[in-house]
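>>> quick one, fold the following:
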Amino acid sequence: MNNNRARSLRQVRSSRGKRGVSPVIGVILMVAATIVIAGVVMAMLGGFGPPSKTYTVTATASQSADDIIVTYVGGPDQVEVDSLIFSGTKSDGSAITWNNTQNGVSSGWDGNNTITTPTVGDSVIAPDQGTTGRDHVIVMAKFKDGTTQVILDTYV
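Residues are numbered from 1 along each chain as shown. Just a heads-up that it's a prediction; the model follows:
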């Protein structure tokens, strides 16, 4: 009988070991894992700086015969514009050459596709650069804080 009783106690003890972790310990482990994951996500997101400001200024583009004309329209943030940079491609894939100003640009045309300190109404012309196809015109504004933003991306 003693032998049977000893076997019975061993079975009880071994069955306790097979039950696993108690529900309280399981919940504590899950909460801890959630906190660790949340900490990792916050650390990753915290490393990114605040988004840069999006300025509101614009320009328009048109084609008159073979000439492409871009006019600076301005906007609420026009006082923050330091310069305008002109670029683009003709429908045949070659670059548009911006080499003239129109309407008496009051600020500096540097000859390298850039107007410094533009004012509303300033226009730049690309004479004889327009084609019968779709010519891609891009104008970027450089702001006083050093950021650059595309203000016109269109086809004429």
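>>> now the helix or strand hosting residue 40: buried residues?
Assessed by DSSP states H and E, residue 40 sits inside helix 23-46. By neighbour count on 16 or more other CB atoms under 10 Å, the buried set for helix 23-46 is empty. For every residue, glycine as well, the C-beta is placed using N, CA and C.
>>> could you do stretch 84-98 as well?
84-86, 88, 90, 96, 98.
>>> can you give me the mean pLDDT across the helix holding residue 40?
Averaged over helix 23-46, pLDDT sits at 88.
>>> again with stretch 144-156
Here the average pLDDT along stretch 144-156 is 95.
>>> thinking again about what came up before, from the chain's centroid, how far away is the helix holding residue 40?
Offset of helix 23-46 from its chain centre (CA atoms, centre = their mean, to the nearest Å): 31 Å.
>>> tell me which other helices or strands it touches.
Using 3 or more CB pairs under 8 Å, 6 or more residues apart in numbering; DSSP states H and E as the contact test, no helix or strand touches helix 23-46.
>>> thinking again about what came up before, so which of the buried residues of stretch 84-98 belong to helices?
Among the buried residues of stretch 84-98, DSSP state H puts none in helices.
>>> tell me the two of these that are most distant?
Spanning the widest gap among the buried residues of stretch 84-98 are 84 and 90, at 20.1 Å by CB to CB.
>>> go through stretch 147-156 and flag the buried ones.
149, 151-152, 154, 156.
>>> out of those residues, which comes closest to residue 63?
residue 156 (4.3 Å).
>>> any idea how far that closest one is from residue 112?
22 Å (CB to CB, to the nearest Å).
>>> where in this protein is pLDDT low?
Applying pLDDT under 70 to the chain flags the ranges 1-21, 47-51, 100-107.
>>> returning to that earlier point: after the helix holding residue 40, next one along is what?
Heading C-terminal from helix 23-46 (DSSP H and E), you reach strand 58-64.
>>> packing partners of the helix or strand that that following strand is followed by?
Sequence order places strand 67-74 as the next helix or strand after strand 58-64, per DSSP H and E. Judged by 3+ CB pairs under 8 Å, 6+ apart, strand 67-74 is in contact with strand 58-64, strand 81-89, strand 123-126, strand 136-143.
>>> so which of those strands is nearest residue 41?
That would be strand 136-143 among the helices and strands packed on strand 67-74, by CB to CB, at 32.5 Å.
>>> contacts for stretch 69-87?
55-63, 95-96, 98, 102-103, 113-126, 137-145, 148, 151-152 (CB atoms under 8 Å, 6 or more residues apart in numbering).
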